[in-house]
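Colleague: Next comes the sequence, and after it the predicted model I'd like to discuss.
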Amino acid sequence: MGSLIEHAAEVPLAAPLAPLAPANDFTPTQWSVFLAIADTVIPAIDAGGLLSARDGLEKKYYGEQPSDIPAFRELIRRMLFEGCPRAIPTSSGAYSAGSLVLTGRTSAINNQPRHVRGQILLSWSQSRFSALRLLQRQLVFITKQCWARTSPTFCSYAGIPRVPINCKVAKGYDFSFLQIPPGEVPEVIETDVVIVGSGCGGAVSARVLAEAGLRVLVVDKGYYWSPEYFPMEQDTGPINLLMNGTTDDGSVIIIAGQTWGGGGTINWSASLQLPGYVRREWANTGLPYFTSSAFQDSFERVSEAMSVSTENLRHSKPNQKLIKGCQRVGWSHAEVPQNCGGEDHFCGQCGMGCRSGGKKGPTQVWLPKASAAGATFMEGFDVTRVTFDDSVRGERKATGVEGVWRPRASEAVGFDANSPPRKVIVRAKKVIVSGGQFNLRSSCYVPV
């Protein structure tokens with residue numbers, strides 16, 4: 001079942017990542033090209049006599065460039081080889097033929113001086129060829145993202161503390177997860193209800209159904225991290241907590257929760273009810289429940305359980321300016337309710353996990369209640385298929401899910417890269433797919 005335990009760590013515990021496969025890497029030539037471009041996007045600046053001798057941090061900040069940061073290179077590998085459908089093609093710019101096509105110059109881009117590289121990037125951004133414009137956007141975006149997350153000086157220079165000021169680590173729930181023994185044949189689990197996804201939708205369903213006396217199994221591809229690991233570092237946190245990636249054409253960047261608790265673990269505590277126009281749109285497609293009083297009652301019950309309120313909100317300076325601007329021009333405005341129980345919650349770092357426990361999301365409210373009612377949990381289970389039975393009066397009926405389970409390496413590390421994955425089959429009377437809209441069709445094969 002599990003119980004509440006209290007941790008007394010001052011600094012978040014480290015959450016190292018599983019090592020990347022050696023094959024997931026650039027060639028030396030590709031690295032030379034990519035880092036030359038990255039050093040053009042984030043160039044080292046010699047401040048010279050502009051700064052006094054006491055401005056050591058500022059000098060380091062201005063003199064920094066991505067190629068000098070080992071962690072930058074590591075994060076680039078993870079972003080390109082794990083998060084993107086295909087790596088950005090950087091090698092062609094290193095050879096004369098490819099360089100002539102891409103840059104208009106026969107000399108390789110990594111052999112050009114910085115001001116010329118800057119001209120090349122500018123020309124790509126203004127090219128009549130959409131592929132070059134897209135390539136420029138991708139290179140600039142990923143360079144800025146990875147540099148900001150790995151820079152040894154940026155957070156200190158910007159005044160961003162590693163841990164929110166005056167933030168004490170909260171009580172975390174001691175979840176108990178199913179462990180699958182080694183074996184060659186698929187492991188079969190039977191239950192009344194299997195819920196795919198431990199986020200906001202899945203967690204609420206788990207509590208309600210478990211308290212109704214049903215056998216409930218909640219499975220999630222992600223892993224659980226207790227508050228003592230939060231907020232995670234900017235380089236490891238997005239890998240451990242988020243589902244990062246792009247569309248095939250690179251035009252849309254996708255960020256969603258991929259950890260135990262789903263989006264409720266990495267959101268910013270905003271708790272908005274579904275707008276009326278969306279409810280009416282859904283009702284017009286044959287789903288009248290969404291405009292019923294029963295649906296509104298469900299919203300109220302969920303809000304009450306999570307202590308949603310607008311009390312004691314401390315607004316950031318940008319928000320304060322927005323409010324003042326609205327007041328001056330006579331525009332109406334409203335505060336966004338938060339699931340913090342009316343308590344002061346001004347840490348500003350909940351996107352990498354809530355250390356204080358003030359955010360009353362799935363791992364603080366719904367899943368512990370589900371556990372107390374008898375629900376069982378499984379982390380590290382990547383569902384690949386929903387199974388169906390077509391023999392029920394000619395209608396297709398979901399009978400369970402199939403997928404791959406990867407054991408956890410340790411409390412401080414996610415999946416164990418050295419342990420072979422296990423195929424698992426879950427047979428259930430009811431199946432709830434609540435893995436987020438990004439995963440609904442891609443991760444769960446649903447025949448139509």
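Modeller: Received it, and whenever you're ready, just let me know what you need.

Colleague: When you work out contacts or count neighbours from here on, use the C-alpha atoms and nothing else.
Modeller: Noted.

Colleague: all strands of the protein, in order?
Modeller: For the chain, the strands defined by DSSP state E occupy 4-6, 171-173, 187-196, 216-219, 242-246, 253-257, 376-378, 381-392, 395-405, 408-410, 413-415, 422-433.

Colleague: Need the winner for burial among those.
Modeller: strand 216-219 (a mean of 26; mean count of other C-alpha atoms under 10 Å).

Colleague: Adjacent strands (with direction) for it?
Modeller: In the sheet, strand 216-219 lines up against strand 187-196 (parallel), strand 376-378 (parallel) (DSSP bridges).

Colleague: and it, how far out from the chain's middle?
Modeller: Between the centre of strand 216-219 and the centre of its chain there are 21 Å (C-alpha atoms, centre = their mean, to the nearest Å).

Colleague: Contacts for that strand next, please.
Modeller: Contacts with strand 216-219, where a contact means C-alpha atoms under 8 Å, 6 or more residues apart in numbering, come from 191-198, 202, 206, 209-210, 374-381.

Colleague: Where is the longest helix in this protein?
Modeller: Counting by DSSP state H, the longest helix found in the chain is helix 130-150.

Colleague: So which residues of the stretch 301-448 of the chain form helices?
Modeller: For the stretch 301-448 of the chain, applying DSSP state H, counting those that start in this stretch gives helices covering 317-329, 367-372, 437-440.

Colleague: which of those helices is buried the deepest?
Modeller: With neighbours defined as mean count of other C-alpha under 10 Å, the helices of the stretch 301-448 of the chain peak in mean count at helix 367-372, which reaches a mean of 23.

Colleague: what's Phe388 in contact with, if anything?
Modeller: Listed by C-alpha under 8 Å, 6+ apart, the contact partners of Phe388 are Arg396, Lys397, Ala398, Thr399, Gly400.

Colleague: what's the closest of those residues to Ile142?
Modeller: Nearest to Ile142 among the contacts of Phe388, counting by C-alpha to C-alpha, is Gly400 at 38.8 Å.

Colleague: Can you give me the distance of the residue nearest to the closest one when sequence neighbours are not counted to Ala398?
Modeller: Spatial nearest neighbour of Gly400, excluding adjacent residues (C-alpha to C-alpha, 6 or more residues apart in numbering): Arg427 at 4.4 Å. As judged by C-alpha to C-alpha, to the nearest Å, Arg427 and Ala398 stand 9 Å apart.

Colleague: circling back: CSV please, covering the strands paired with strand 216-219 and showing distance to Glu233 and mean pLDDT.
Modeller: Formatted as CSV, these follow (distance: least, C-alpha to C-alpha, whole Å; pLDDT from 0 to 100):
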stretch, distance to Glu233, mean pLDDT
strand 187-196, 28, 98
strand 376-378, 25, 98
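
Colleague: Which among those strands is found nearest to Leu135?
Modeller: Minimum separation from Leu135 across the strands paired with strand 216-219 (C-alpha to C-alpha) falls at strand 187-196, 35.8 Å.

Colleague: if we look at the closest one, which residues are touching it?
Modeller: 180, 202, 205-206, 214-220, 383, 400-401, 422-435.

Colleague: And Gly56, how far from Ala44?
Modeller: For Gly56, the distance to Ala44 equals 15 Å [C-alpha to C-alpha].

Colleague: who has more neighbours, these two?
Modeller: Higher neighbour count among Gly56 and Ala44: Ala44, with 16 against 10, using other C-alpha atoms under 10 Å.

Colleague: got the contact list for that one?
Modeller: Contacts of Ala44 (C-alpha under 8 Å, 6+ apart): Tyr62, Gly63, Glu64, Gln65.

Colleague: Distance of it relative to Lys59?
Modeller: Relative to Lys59, Ala44 is positioned 10 Å away (C-alpha to C-alpha).

Colleague: Can you tell me the closest non-neighbouring residue to Glu58?
Modeller: Spatial nearest neighbour of Glu58, chain neighbours left out: Tyr157 (6.9 Å); criterion: C-alpha to C-alpha, 6+ apart.
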